[in-house]
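Student: test case, fold it:
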Amino acid sequence: MDSHDLMGLRDDVYRRSLKTAFDRIELAVGSKCADVGAGGGDIAIELAHWVGDIGRVYAIDIDPKRRNEVAEKAAQFTQVIAITQAAEELALPEPVDLAFCRFLLLGVEDPAQAVAGMARIIKPGGWLVAQEPVTSSGRVGHHPLRVDTEAIKHPDIGLDLVRLMQGAGLEVVDTWAEAPCGFGGSDVVSYLEQMTEAKVDKGDTVLLPPLLCAVAKKPS
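Tutor: Predicted coordinates:
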């Protein structure tokens, strides 16, 4: 399909890596997708634009409040179906062409089980795209980012994506990383302050944790 500009994610500091991934797998109109760990639903809605009215997007989150938030935000998109499920226990009424997750595996108890669950719902020849951080590489100036260890169980899970995907029987076809950088009043600094309550001095350069993206295919 024609290249999609992800305008709905223009405030998403990691959006370029996402566009690269979707272009890489040639996500098409009519595709069926699962956004696992959908959160506020922004990516699910972007997927809805991408697959069109004849496609389907399952927006999946373990938190019922998040599920309701997605359902409300995506009310005008009949192709978006919001579901409350744990990543480790996925069950959909049909196989999907794409399973996607971002900032999911760093917080689950068993990342291998979650990846296996996503692999299970993908149809043969379908794709898993995962974007997970290497948190220890983030910096504010020369200082490492502080991590909320209660919420983040696997802070550098991005480095394990290839192993996890291969362990689930998937063929990894591409990996890359992107680390947004900014200073002063940039979107990157605002994102960091919003997500971590960190205070950044005007002279500090912020390097967000690299987001490692891995693209894997389920054998036909």
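Student: give me the three-state assignment for residue 109.
Tutor: coil (DSSP: H, G, I helix; E, B strand; the rest coil).
Student: contacts only, for the nearest residue to it once chain neighbours are set aside.
Tutor: Distances taken as C-beta to C-beta, 6 or more residues apart in numbering place residue 153 nearest to residue 109, at 6.9 Å, with adjacent residues excluded. C-beta here means a position set from N, CA and C on the backbone, and glycine is covered the same way. Listed by C-beta atoms under 8 Å, 6 or more residues apart in numbering, the contact set of residue 153 reads 106-109.
Student: phi, psi for residue 153 please.
Tutor: In this entry, residue 153 is assigned phi and psi values of phi -90, psi -30 (degrees, to the nearest 10).
Student: ok, it to residue 215 distance?
Tutor: Counting by C-beta to C-beta, to the nearest Å, the separation of residue 153 from residue 215 is 24 Å.
Student: ditto for residue 139
Tutor: 27 Å.
Student: which of those two has more neighbours?
Tutor: Here residue 139 and residue 215 are set side by side on neighbour count (other C-beta atoms under 10 Å), and the busier one is residue 215, at 23 against 17.
Student: distance check, that one against residue 27.
Tutor: Here the criterion is C-beta to C-beta. By it, residue 215 lies 11 Å from residue 27.
Student: try residue 162
Tutor: 21 Å.
Student: which one's more surrounded, the two?
Tutor: Higher neighbour count among residue 162 and residue 27: residue 27, with 21 against 16, using other C-beta under 10 Å.
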